[in-house]
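A.B. asks: could you work out the structure for the sequence below:
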Amino acid sequence: MHTNDNDAPTSASSRPSLGWHKPKRVLVGSLIYQHHRPQPGDPIVPCIKLRGMWMAEAGIAPGTRLTVEMYDGAILLRAAEPAVSVQLRPIRRRIGRGCSGR
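C.D. replies: Next comes the predicted model:
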């Protein structure tokens, strides 16, 4: 008799993470523009990608507008207003495009 591994119950450790835990560190990557060929001397554009359910726990839901404050060596993101219920479209991107780094 043949058994299929897909028939086994899914354990919590094998399910994809929704990002419930806030990351302790985030790597600053570089932005790659999709329709731009890099030229020598072009500036490297820093990029940070934040995602996860921990943001919703902090009161930052999809549709929330954020204010950005810069300090020496620090960036503060703060909810400018309560989240507005908006109809968001899923964004489809090609893998390998956008911000490199984690």
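
A.B. asks: now the helices for the protein?
C.D. replies: 53-57 (DSSP state H).

A.B. asks: the strands in it, which residues?
C.D. replies: Counting by DSSP state E, the chain has strands at residues 29-32, 46-47, 66-71, 74-79, 98-100.

A.B. asks: what helices and strands are in contact with the fourth one?
C.D. replies: Applying 3 or more Cβ pairs under 8 Å, 6 or more residues apart in numbering; DSSP states H and E, one finds that strand 74-79 contacts strand 66-71. C-beta here means a position set from N, CA and C on the backbone, and glycine is covered the same way.

A.B. asks: give me the angle between the strand it packs on and strand 74-79.
C.D. replies: In terms of direction (axes from the mean of the first three to the mean of the last three Cα atoms, to 10 degrees), strand 66-71 departs from strand 74-79 by 160 degrees.

A.B. asks: so, low pLDDT: which residues of this protein?
C.D. replies: 1-18, 82-102 (pLDDT under 70).

A.B. asks: repeat that for 80
C.D. replies: By pLDDT under 80, the low-scoring segments of the chain are 1-19, 32-39, 81-102.

A.B. asks: looking at the strands of the chain, which is nearest to Glu57?
C.D. replies: With Cβ to Cβ as the measure, strand 74-79 is the member of these nearest Glu57 (12.5 Å).

A.B. asks: rewinding a little: would you turn the strands of the chain into CSV with mean neighbour count?
C.D. replies: Output for these, formatted as CSV (neighbours: other Cβ atoms under 10 Å):
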stretch, mean neighbour count
strand 29-32, 14
strand 46-47, 13
strand 66-71, 9
strand 74-79, 11
strand 98-100, 15
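
A.B. asks: to Lys22, which of these lies closest?
C.D. replies: Taking Cβ to Cβ, strand 74-79 is the member of the strands of the chain nearest to Lys22, at 12.7 Å.
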